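Any chance you could fold what I've pasted below:
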Amino acid sequence: MYSEEAVEVFLKDQSRLYDEPVAETPEEALEFLEDCMAVEVENIKEVRAYLDEAGADVSGMTDEDLEEACEVFTLPSGGYLIVEA
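Residues are numbered from 1 along each chain as shown. Okay, here's the model as predicted:
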């Protein structure tokens, strides 16, 4: 399950990852996140661990680099949403 905050942030900022909108409503955004198995994590350490486990080379990346990655969406509450394209 994804927080309402994560759904809204993805809906608003999806153009960071996709050239064309993949969702136009919160319901469509939620369905898309579920379909692509997006992950919501609590901190940047968990972002690093997730991407590392997924096979991304994050060893030379700073926390700021990770936050700027197109598949990482920063949530106002301090958490992160990771959406693999």
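
alpha carbons only for contacts and neighbour counts from here, please
Noted.

Walking through this protein, point out its helices one by one.
Taking DSSP state H to define them, one finds helices in the chain at 4-13, 26-35, 44-53, 63-68.

which of those helices sits most buried?
helix 4-13 (a mean of 18; mean count of other C-alpha atoms under 10 Å).

between it and helix 26-35, how many degrees?
With axes from the mean of the first three to the mean of the last three C-alpha atoms, to 10 degrees as the basis, helix 4-13 and helix 26-35 are set at 100 degrees to each other.

How far does helix 4-13 sit from its chain's centre?
9 Å (C-alpha atoms, centre = their mean, to the nearest Å).

Quickly note the distance from the residue sitting furthest away from the middle of the chain to Gly79.
The C-alpha centroid of the chain is most remote from Gly60, which lies 20.0 Å away (C-alpha atoms, centre = their mean). Separation of Gly60 from Gly79 (C-alpha to C-alpha, to the nearest Å): 22 Å.

do Glu34 as well
From Glu34 to Gly79 the distance is 18 Å (C-alpha to C-alpha).

ditto for Val47
Counting by C-alpha to C-alpha, the gap from Val47 to Gly79 is 9 Å.

do the same with Leu17
Distance from Leu17 to Gly79, by C-alpha to C-alpha: 18 Å.

got it, and Glu20?
On the measure of C-alpha to C-alpha, Glu20 and Gly79 end up 25 Å apart.

Ok, Glu4 next?
12 Å.

cool, and Asp63?
To Gly79, Asp63 is 13 Å away according to C-alpha to C-alpha.

Find the residues that touch each one of those two.
Ile44 (C-alpha atoms under 8 Å, 6 or more residues apart in numbering).

List the contacts of the closest residue to Asn43 other than its chain neighbours.
Spatial nearest neighbour of Asn43, excluding adjacent residues (C-alpha to C-alpha, 6 or more residues apart in numbering): Gly79 at 5.3 Å. The contact partners of Gly79, taken as C-alpha under 8 Å, 6+ apart, are Glu40, Val41, Glu42, Asn43, Ile44.
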